[in-house]
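**Q** sequence and predicted structure, then a few things I'm wondering about:
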Amino acid sequence: MNHLFCFGFGYSARALATRLMERGWRVTGTCRSAEKAAALETAGIAPVIFDGTEPIENLAAHLPPGSRLLTSVPPDADGDPVVRLHGAELAELAVRLSWVGYLSTTGVYGDHDGEWVDERSALTPATERGRRRLRAERQWIRLQAHRSLPVHLFRLAGIYGPGRNQLARIKSGTARRIVKAGQVFSRIHVDDIAAILEASIRQPAPGRAYNVCDDLAAPPQDVIAHAADLLGTPPPPLINFEDAELSPMAASFYAESKRVCNDRIKHELGVELVYPTYKEGLKALVGGA
């Protein structure tokens with residue numbers, strides 16, 4: 001039976017797991033508490049407790065031959081906790097793993113003043129979050145290069161989908177149309193993330209990096225305005241970035257502006273996005289949000 005093991009079982013991992021379980025796959029996912037483990041078990045997912053501070057006892061028992069492994073655990077100041085606690089063991093188990101996917105971020109490219117970047121562009125992250133992701137990428141690629149672990153990197157743009165989108169923010173009254181001159185973001189619907197990961201599982205290319213984004217980078221205020229239009233409600237007022245009084249974390253998202261090229265997922269993996277822009281993606285979410 002096909003098997004997926006997920007280090008971290010967040011929004012994107014759940015979308016991939018759901019997609020594969022519909023095809024008869026067995027899925028194991030890590031979580032940080034017994035309460036969350038019970039919820040995973042109820043959903044048909046075998047739970048394993050992993051909080052990033054202690055290794056999983058006998059990890060090999062959870063990775064039968066032919067397993068695929070997805071990891072989305074965020075790095076800390078010391079690097080990737082999965083590599084730190086299980087890197088050597090995973091290297092020893094490499095023969096059992098036909099595919100390993102690491103979920104990174106387009107933040108590893110840094111700021112490019114709204115210009116295009118692709119997988120060959122310089123990696124110059126402008127934020128600590130991006131620098132941590134880049135360090136983690138390099139840790140995983142070292143395992144691929146020196147220990148034959150079949151690692152693939154997926155650099156995700158801003159993720160949206162059911163329950164996590166601008167429509168829901170407008171409905172909750174938390175949406176803000178913040179304007180910063182020249183600012184554009186790339187995005188990706190969570191269902192397209194799952195499709196891209198599945199396509200890579202079918203066509204492994206260890207050591208390869210893929211940008212995971214849609215076809216249209218856009219200013220965030222335009223996306224909010226479009227969401228409001230879909231809901232038939234006036235958009236929130238425009239706010240200049242300098243006047244927005246953002247938290248350091250929120251402000252850091254505006255430190256980088258770039259358009260991310262997704263040609264590789266199309267040409268190498270044969271992916272056809274279901275939601276090629278935020279317009280199709282948001283339209284499909286109206287009613288459920």
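**A** Done, it's in. Residues are numbered from 1 along each chain as shown.
**Q** mind checking how far residue 70 is from residue 15?
**A** Distance of residue 70 to residue 15, computed by CB to CB, to the nearest Å: 11 Å. C-beta here means a position set from N, CA and C on the backbone, and glycine is covered the same way.
**Q** more neighbours: which of the two?
**A** For residue 70 versus residue 15, neighbours defined as other CB atoms under 10 Å are more numerous around residue 70 (26 against 21).
**Q** I figured the more buried one hits residue 101, correct?
**A** Yes. Between residue 70 and residue 101 there is a contact at 4.7 Å, judged by CB atoms under 8 Å.
**Q** shared neighbours of those two, anything?
**A** Listed as contacting both residue 70 and residue 101 by CB atoms under 8 Å, 6 or more residues apart in numbering are residue 197.
**Q** the protein: strands as residue ranges?
**A** Assigned by DSSP state E, the strands in the chain fall at 3-7, 26-31, 46-49, 67-71, 97-105, 116-117, 151-156, 158-160, 177-179, 187-189, 209-212, 238-240, 259-260.
**Q** what packs against the last one?
**A** Yep, that's strand 259-260 we're talking about. strand 116-117 (3 or more CB pairs under 8 Å, 6 or more residues apart in numbering; DSSP states H and E).
**Q** can you give the distance of the strand it packs on from its chain's centre?
**A** 19 Å (CA atoms, centre = their mean, to the nearest Å).
**Q** packing partners for it?
**A** Taking 3+ CB pairs under 8 Å, 6+ apart as the contact cut, strand 116-117 packs with strand 259-260.
**Q** tell me the strands beside the strand it packs on, with direction?
**A** Paired neighbours of strand 259-260 in the sheet (DSSP bridges): strand 116-117 (parallel).
**Q** now the strand it pairs with: mean pLDDT?
**A** Averaged over strand 116-117, pLDDT sits at 98.
**Q** what lies in contact with that strand?
**A** Strand 116-117 is contacted by residues 106, 109, 211, 258, 259, 260, 261 when judged by CB under 8 Å, 6+ apart.
**Q** domain ranges for this structure?
**A** 3-159+189-213+261-267, 166-184+216-257+276-285 (automatic domain parsing).
**Q** picking that back up, CSV for the contacts of strand 116-117, including distance to residue 176 and neighbour count?
**A** CSV is the format used below for the contacts of strand 116-117 (distance: CB to CB, whole Å; neighbours: other CB atoms under 10 Å):
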residue, distance to residue 176, neighbour count
106, 22, 24
109, 25, 23
211, 27, 24
258, 22, 22
259, 23, 17
260, 23, 26
261, 29, 19
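**Q** okay if I get those as TSV plus pLDDT?
**A** TSV is the format used below for the contacts of strand 116-117 (pLDDT from 0 to 100):
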residue	pLDDT
106	97
109	98
211	98
258	97
259	97
260	98
261	98
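**Q** all helices for the chain, in order.
**A** 11-21, 34-42, 81-92, 128-147, 166-172, 190-202, 220-231, 248-252, 263-267, 278-285 (DSSP state H).
**Q** which of the ones you listed comes out lowest on mean pLDDT?
**A** Across these, helix 248-252 gives the lowest mean pLDDT, at a mean of 86.
**Q** please identify the buried residues of that one?
**A** Buried residues in helix 248-252, counted by 16 or more other CB atoms under 10 Å: residue 252.
**Q** could you report the separation of residue 74 from residue 211?
**A** To residue 211, residue 74 is 19 Å away according to CB to CB.
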